[in-house]
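S.K.: When you get a sec, could you give me coordinates for this:
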Amino acid sequence: QVQLVESGGGVVESGGSLTLSCAVSGIRFSRSTTGWFRQAPGKQREQVATISVRGEPSTVDSLKGRFTISRDTEKNTVSLHMDTLKPKDTTDYYCNAIRLCTNSEYWGQGTQVTVSA
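M.R.: Numbers count the residues shown, from 1 in each chain. Prediction:
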């Protein structure tokens, strides 16, 4: 059974930093892509950053330089480090994994990030 459990969300002041963590179980990094998405109320879920099967990180252009994704293959975690946070970054963040052989997609329950002005 695949489980993705996010943690690390909370309230931070504008300009501050926060690191989200996703504990991954039931799926191998070597056979999946993992990533972070976010979704504001009433809006579509949008990609933030992903890591390929080979561990190559990729952040969407609009967040490059502020958001960095990484993974720890020993701890089976995927992290999202966020710098210089802005109020518009306030939303729910979701961990995602796609098992490549079946194209099955999995989501965590989400963690809330609030950036105060």
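
S.K.: Can you classify the spatially most central residue of the chain by secondary structure?
M.R.: Nearest to the geometric centre of the chain sits residue 36, at 2.5 Å (CA atoms, centre = their mean). Following DSSP: H, G, I helix; E, B strand; the rest coil, residue 36 is assigned to strand.

S.K.: residues contacting it?
M.R.: By CB atoms under 8 Å, 6 or more residues apart in numbering, the contact set of residue 36 is 20, 22, 47-50, 69, 78, 80, 93-96. All C-beta spots, glycine's among them, are computed from the backbone N, C-alpha and C.

S.K.: What is the neighbour count of the nearest residue to residue 30 once chain neighbours are set aside?
M.R.: Leaving aside its sequence neighbours, residue 30 sits nearest to residue 53 (CB to CB, 6 or more residues apart in numbering; 6.3 Å). Per other CB atoms under 10 Å, the neighbour tally for residue 53 reads 14.

S.K.: Could you do residue 6 as well?
M.R.: Neighbour count for residue 6, taken as other CB under 10 Å: 22.
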